[in-house]
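# Kindly generate the corresponding structure for this input.
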Amino acid sequence: MIPPTNTADYQEKFLQFLIWFIFTAATLSAVVGLGMKYIIMRKLVQEDWLIILAQNVYLAECISTALGVSAGLGKPWASLSEELKDNYLKTEYASTVLLVLSLAIIKWSVLVFIQRLSGGTLSRCIHQSLSGLIGVWFVSSTIISLFQCEIPRPWDHVNGRRCIDRRAWWSYVSVINMLSELFIAALYLLVLLKVQISRKRKAIVLSLFLSRLLVVAAAIAQLVIFFRAFPSPDVTRRYKIPVILNETTLSISVITACVPYLKPFMESLEAGVVRVPSLVRSEEELSLGRLTTESCHTPGPSNSTTCVSAHSS
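Below is the predicted model:
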């Protein structure tokens with residue numbers, strides 16, 4: 001294999017490495033988290049299948065982004081041929097839709113998990129309202145993205161006609177993304193307030209839940225960098241950092257969605273300190289710090305069996 005001979009070649013390989021490294025981190029997190037949950041539950045439930053679906057969409061988004069790197073992301077726009085310019089704009093067009101779809105599916109997965117974790121105490125109205133908001137956000141963002149410029153070249157926001165204000169559009173996508181994550185973190189807190197556990201375990205569970213705020217931090221960083229890059233007509237060279245931050249935001253979203261399935265939280269489940277109806281259905285059931293044991297005895301010659309239910313703290 002002939003080594004790269006210029007900076008552009010090194011840069012392309014480095015961007016490709018970053019994209020797939022970030023994706024691999026999210027994939028490993030999903031595999032470990034879902035694998036641990038499967039060991040405990042012996043099955044996968046709705047939120048798990050949503051995570052698997054989101055990861056597949058994420059894979060498609062990574063492929064599209066990697067093709068964008070091959071087409072010229074990171075290189076000066078003026079140095080690209082017309083064919084490469086068009087190819088880059090098409091990959092950006094596709095990856096943006098896949099990015100928003102993957103984020104929406106992850107949010108739906110987390111909401112289903114929270115609803116299950118609350119044991120039905122979370123208001124169905126709250127759950128459905130937030131799920132609906134995410135659906136409206138996804139549909140509206142996607143429609144605007146698909147028709148950002150006049151047909152027949154809706155992907156060409158550089159030379160296309162009657163294009164949208166991409167800065168305003170991306171602000172809408174990012175702000176709703178961040179607000180929905182804040183609402184999700186608040187729902188986690190509401191669930192945790194109802195759980196009777198030790199302070200140490202509560203701190204562990206709280207830190208796992210609030211890790212979703214890392215998605216907000218990554219989205220803020222991406223929005224700030226995008227604003228700085230936006231005025232430049234050199235869309236391939238100036239947009240490389242916003243693209244990497246997009247991948248980082250998506251990866252963190254997957255990782256933090258799977259974090260509650262990891263060992264510290266599952267240890268709390270096994271210790272019987274958190275009640276998760278339908279989350280662990282096996283021969284025994286978890287309860288809020290109380291384990292119910294049922295003992296039966298046969299009193300003497302009557303051969304009648306008496307069952308006594310005893311509660312121990």
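
# Got phi/psi on the residue nearest in space to the middle of the chain?
Centroid-nearest residue in the chain: S253, 3.1 Å away (criterion: CA atoms, centre = their mean). The phi/psi pair for S253 (degrees, to the nearest 10) reads phi -60, psi -40.

# The stretch 151-300 of the chain: strands as residue ranges?
291-297 (DSSP state E, counting those that start in this stretch).

# Show me where it has its helices.
166-193, 199-209, 213-229, 235-238, 240-258, 263-270 (DSSP state H, counting those that start in this stretch).

# just so I know, which of the ones you listed lies nearest F23?
helix 240-258 (6.7 Å; CB to CB). (Glycine included, C-beta is placed from N, CA and C.)

# just the angle between the closest one and helix 213-229, please?
170 degrees (axes from the mean of the first three to the mean of the last three CA atoms, to 10 degrees).

# Show me what helix 240-258 is packed against.
For helix 240-258, the elements it packs on are helix 7-41, helix 46-71, helix 82-117, helix 213-229, judged by 3 or more CB pairs under 8 Å, 6 or more residues apart in numbering; DSSP states H and E.

# Let's see it as CSV, backbone CA atoms only.
Taking C-alpha atoms only, helix 240-258 is exported to CSV below (Å, rounded to 0.1, in the frame of the first residue of the first chain):
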residue,chain,number,x,y,z
LYS,A,240,-15.7,19.4,8.6
ILE,A,241,-15.8,20.2,12.4
PRO,A,242,-19.6,20.6,12.5
VAL,A,243,-20.0,17.2,10.7
ILE,A,244,-17.7,15.5,13.2
LEU,A,245,-19.7,17.1,16.0
ASN,A,246,-22.9,15.8,14.4
GLU,A,247,-21.4,12.3,14.6
THR,A,248,-20.4,12.9,18.2
THR,A,249,-23.9,14.1,19.2
LEU,A,250,-25.4,11.0,17.6
SER,A,251,-22.9,8.7,19.2
ILE,A,252,-23.4,10.2,22.7
SER,A,253,-27.1,9.9,22.2
VAL,A,254,-26.8,6.1,21.6
ILE,A,255,-24.3,5.6,24.5
THR,A,256,-26.4,7.5,27.1
ALA,A,257,-29.5,5.7,26.0
CYS,A,258,-27.8,2.4,26.8
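
# Centre of the chain to it, how far?
8 Å (CA atoms, centre = their mean, to the nearest Å).

# do stretch 205-219 as well
On CA atoms, centre = their mean, the centre of stretch 205-219 falls 11 Å from that of its chain.
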